[in-house]
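**Student:** Build the 3D model from these lines:
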Amino acid sequence: MKKRFSIVLALVLLAGLGLAAATPVLAGSGFTDIVQVAAGQEYTVGLKSGGTVVAVGYNDFGQCNVGGWTNITQVAAGAGHTVGLKSDGTVVAVGNNYYGQRDVGSWSGIIQVATGWGHTVGLKSDGTVVAVGYNGTVVEIGVRNYTTGGGQLDVGGWTNISQIAAGWGHTVGLKSDGTVVAVGGNPSGQCNVTGWTGITQVSAGAGHTVGLKSDGTVVAVGDNYYDQCDIGSWTDIVQVSAGWWYTVGVKSDGTVVGVGDNYQGQRNVGGWTNITQVAAGWRHTAGRRNDGTVVAVGTTVIQTVTNGIVDARAGADTQVVVSGTATVVITRHTSDPHATAGGYAALGSSDLFPMNKWIDIHIDNISQLTETQIKLYYTNVEVAEAGLDESSLRLSYWNGTAWAQCSLTGVNTAASYPYSGYMWANLTADTMPSLDYLQGSGFAGVGYQEPTTPPGGGCLIATAAYGTDTAKEIDILREFRDEVLLPNSLGAKFVSFYYRTSPPIANLISQHEVLRTVVRMGFVDPIVKILIWSHNLWSARGGC
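**Tutor:** This is a model prediction of the structure:
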C-alpha cells in the first residue's frame, strides 16, 4: 500500500467519571419490566413493576447499590446519589452523602422525590416541600466552569405544589394552578419562571428550566449556550426532561425529539419509537418503551457480563470482550476529549493525526476481571478518508499527559459487513495499559495516522539519487521500511520524520547531478548493500 503509517485509536477513562457508549442499546441486562427510568451522572436507574430497583453505571459512591430496595414507587438519580420513594411515603437513599443529600430518613408523607447535584427534594402530600443537602454555590459544571448561585433548599414557604424538579443548583416547583416557582442559582435566568401558566410538568437541567404546557408545546428559560432552550417549534409533547446541557421530549406518537449539547450523542434519539418516558442525565439519555424495556444513547452503561461480549457496534463501533465479570461503560466522542490538555499534540511530535474515532472504556470494579479485549471497528471509507495504511492500524491510550500505543495491540483486517476490520488491544494485569487503567484514572479514545507516502511509495532521497523510483535498489529500501520499520513504533516514527523532513533535501539533490552521484555512491548504495547482505536476517521472505 502506498500510504504511510498508522492510525492509532486510543482508550482512556476520564478522570473521576464513569464512561460509556453513544449507542442506542439496552441500558443493561436487568432492564426489563421497567415502569420508570432515571438518568444520573454516568449511571441509569430503573424501577421495576414489582417495586424493586435496578441500576447500572458508575458506582464510585455506591449510588447503584439498590438491590435490596422493595416497595418503591418512584426513583430519582443525581450526580452521585440515588433516592427511592416507598409506597408508605418514606424515602430511602444510597450514594454520596458529603452534603447530607441522603439525610431523608425522617421524611414521611412524601409523594414525589427529585435529585440535583448535591441536594434532594421531596414533595409532601399536603403540597409543601422539604429539601436536604447542599445549599450553596455550585461551580465547574463540565468544561464550561459554569457557576450557579445558592439557595436551592429554600423551599420552606412553598404551598400547593403538585410536582418538583431539581437542577444542578436550583429547584423548581409546579403549582396546582399551572404556575411555577423556582429558587436557587439564577445566573442564566433559569429561575425566571414567574410568568409561566398552563404548565403540566417541569424539568430542571444544569442551568436551564423546561416547562410542558397543557397544549403540548414547551417553554424554557436559562442557559442557552448549546441551544438547549430552542424548543419553540415543539408540538404534541407529552413529557419533557432537561439534561445538563440539553433537552429531550416525548411526543404523543412515542417518538422523541431533542435539542442542545450532543457531544456524546446523548441526543441521537431520532430513531426511537414506542417511548412512554425519557430521562436526560449528564451526558446520556434513557428511554422507556411501552413494553417495559429501556433504550439509551450517549454516555450509557451497556451491560454487566460474565465471560461475554459487550456489543456497542451499533453506535460506538466498539466491542469489549470480558474474561471474568464486569460492568462495562462505553463512550464515543466526536472529537479529541483531551484537546484542552494538548490532545494528540501532547505526543510531542506531529507524526500522528486523528482518525476521528474516539472512545472511552470504563470498568469500575476489576476485582473479578482477568483480561479484557477492546475492539474498535472501522470501514474502508474511514481508512481512506484518514489516509491510512490499513495494516498499520493500532489502538492507543491516554496515559495522563499524552497518547501512547497499547503494548498488546494489532489489527484484524477480515471484513464483517458493514465493517472492513477492527483494531484491538488486550489488557491484563501486566500490559500497558493494565486493567487498573480501566477504573477511572483518565482514558479516552483517539485515532492517528502517519502522513501519506509520496507517489510511488518510495524513498525520496534514494529516488532523487537514482533519478527514478523504479530502481531495483529502492525496492529493498521499501521492503525494509514495510517489514522492519513500520511495524515497530520507533521505526514508524522515524519513517514519519523522514517523510516530513526529506522533501526539500531530495529536491536539492535532484537538481544537481554531482550531488546526486555523491549521495548515491557515498550514502544510498552502502545502505542498500548492507540490507542485501543481511536480508535473510530481517526479511520475512529471506528464508530460515
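**Student:** Please identify the helix or strand for residue 130.
**Tutor:** Taking DSSP states H and E as the definition, one finds residue 130 inside strand 129-133.
**Student:** likewise residue 479?
**Tutor:** Judged by DSSP H and E, residue 479 forms part of helix 472-480.
**Student:** Tell me the bridge partners for the residue sitting nearest the centre point of the chain.
**Tutor:** Geometric centre of the chain, nearest residue: residue 331, 2.7 Å, by C-alpha atoms, centre = their mean. Note on residue 331: beta-bridge partners residue 360, judged by DSSP bridges.
**Student:** Touching, it and residue 263? I think so.
**Tutor:** No: between residue 331 and residue 263 no contact is recorded; they are 9.8 Å apart, counting by C-beta atoms under 8 Å. Every C-beta, even on glycine, is put in place using the N, C-alpha and C of the backbone.
**Student:** The residue lying closest to residue 418 once chain neighbours are set aside and residue 419, how far apart?
**Tutor:** Take residue 418 and drop its neighbours on the chain: the residue closest to it by C-beta to C-beta, 6 or more residues apart in numbering is residue 379, 6.5 Å away. Between residue 379 and residue 419 the computed distance is 6 Å (C-beta to C-beta, to the nearest Å).
**Student:** Flag every buried residue along the helix holding residue 479.
**Tutor:** With burial defined by 16 or more other C-beta atoms under 10 Å, the residues of helix 472-480 counted as buried are 473-474, 476-480.
**Student:** after the strand holding residue 130, next one along is what?
**Tutor:** The helix or strand immediately downstream of strand 129-133 is strand 161-166, counting by DSSP H and E.
**Student:** can you state the direction angle for that following strand and strand 129-133?
**Tutor:** 20 degrees (axes from the mean of the first three to the mean of the last three C-alpha atoms, to 10 degrees).
**Student:** Which strands and helices lie in contact with the next helix or strand after strand 161-166?
**Tutor:** Sequence order places strand 170-175 as the next helix or strand after strand 161-166, per DSSP H and E. Other elements packing on strand 170-175 under the criterion 3 or more C-beta pairs under 8 Å, 6 or more residues apart in numbering; DSSP states H and E are strand 119-124, strand 129-133, strand 161-166, strand 180-184, strand 199-204, strand 208-213.
**Student:** how far out from the middle of the chain is the helix holding residue 479?
**Tutor:** Relative to its parent chain, helix 472-480 has a centroid offset of 43 Å by C-alpha atoms, centre = their mean, to the nearest Å.
**Student:** so the closest residue to residue 154 other than its chain neighbours bridges to which residues?
**Tutor:** Spatial nearest neighbour of residue 154, excluding adjacent residues (C-beta to C-beta, 6+ apart): residue 183 at 4.7 Å. Counting by DSSP bridges, residue 183 forms beta bridges with residue 171.
**Student:** Would it be right to say that residue 502 lies in a strand?
**Tutor:** No: using DSSP: H, G, I helix; E, B strand; the rest coil, the assignment for residue 502 is helix, not a strand.
**Student:** Can you get me a residue count around it?
**Tutor:** Residue 502 has 18 neighbouring residues, counting by other C-beta atoms under 10 Å.
**Student:** That one and residue 462 touch, don't they?
**Tutor:** No: the pair residue 502 and residue 462 fails to qualify as a contact (C-beta under 8 Å) at a distance of 9.8 Å.
**Student:** hang on, the earlier thing: okay, residue 379 and residue 419: which has more neighbours?
**Tutor:** Under the criterion of other C-beta under 10 Å, the comparison of residue 379 against residue 419 puts residue 419 first, with 18 against 15.
**Student:** what's near enough to touch the more buried one?
**Tutor:** 313, 317, 377-379 (C-beta atoms under 8 Å, 6 or more residues apart in numbering).
**Student:** now it: how far from residue 279?
**Tutor:** Distance from residue 419 to residue 279, by C-beta to C-beta: 31 Å.
**Student:** Helices along the stretch 401-544 of the chain, start to end?
**Tutor:** Listed in chain order, the helices of the stretch 401-544 of the chain (DSSP state H, counting those that start in this stretch) span 460-466, 472-480, 489-510, 513-519, 525-533, 535-538.
**Student:** and if you look at the stretch 251-400 of the chain?
**Tutor:** In the stretch 251-400 of the chain, the segments counted as helices under DSSP H, counting those that start in this stretch are 313-316, 380-386.
**Student:** Quick one: mean pLDDT over the last one.
**Tutor:** On average, the pLDDT along helix 380-386 is 70.
**Student:** Outline the domain layout of this protein.
**Tutor:** Per automatic domain parsing, the domain ranges recorded for the chain read 8-13+302-439, 25-298, 460-538.
**Student:** Work out the gap between the longest one and the centre of the chain.
**Tutor:** Right, the one you point to is domain 25-298. 21 Å.
**Student:** Quick check: mean pLDDT of that domain?
**Tutor:** Mean pLDDT, domain 25-298: 92.
**Student:** now do the last one
**Tutor:** The average of the pLDDT scores along domain 460-538 is 77.
**Student:** Check the offset of it from the chain's centre.
**Tutor:** That offset, for domain 460-538, works out to 43 Å (C-alpha atoms, centre = their mean).
**Student:** again with the first one
**Tutor:** Relative to its parent chain, domain 8-13+302-439 has a centroid offset of 12 Å by C-alpha atoms, centre = their mean.
**Student:** Run through the residues that contact the closest residue to residue 87 other than its chain neighbours.
**Tutor:** In this structure, residue 87 finds its nearest non-sequential neighbour in residue 71, 4.6 Å apart by C-beta to C-beta, 6+ apart. Applying C-beta under 8 Å, 6+ apart to residue 71 gives the contacts 51, 86-88.
**Student:** Mind checking which of those land in helices?
**Tutor:** Counting by DSSP state H, no part of these is found in helices.
**Student:** Can I get the buried part of those residues as one PyMOL selection?
**Tutor:** Buried subset of those, written as a PyMOL selection, criterion 16+ other C-beta under 10 Å:
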select buried, resi 86
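**Student:** Out of the contacts of residue 71, list just those in strands.
**Tutor:** Within the contacts of residue 71, residues falling in strands by DSSP state E are residue 86.
**Student:** And the contacts of residue 71, which is closest to residue 538?
**Tutor:** Set against residue 538, the nearest of the contacts of residue 71 by C-beta to C-beta is residue 51 (68.3 Å).
**Student:** Surely that closest one touches residue 85?
**Tutor:** No: using C-beta under 8 Å, residue 51 is not in contact with residue 85; the gap is 10.6 Å.
**Student:** shared neighbours of those two, anything?
**Tutor:** Counting by C-beta under 8 Å, 6+ apart, the residues touching both residue 51 and residue 85 are 72-73.
**Student:** hang on, residue 235 in a strand?
**Tutor:** No: under three-state DSSP, residue 235 falls outside any strand and is assigned coil.
**Student:** Check the contact between it and residue 216; I expect there is one.
**Tutor:** Yes: in this structure, residue 235 is within contact of residue 216 by C-beta under 8 Å, at 5.6 Å.
**Student:** Compare these two and say which is more crowded by neighbours.
**Tutor:** Between residue 235 and residue 216, residue 216 has the larger neighbour count (other C-beta under 10 Å), namely 15 against 12.
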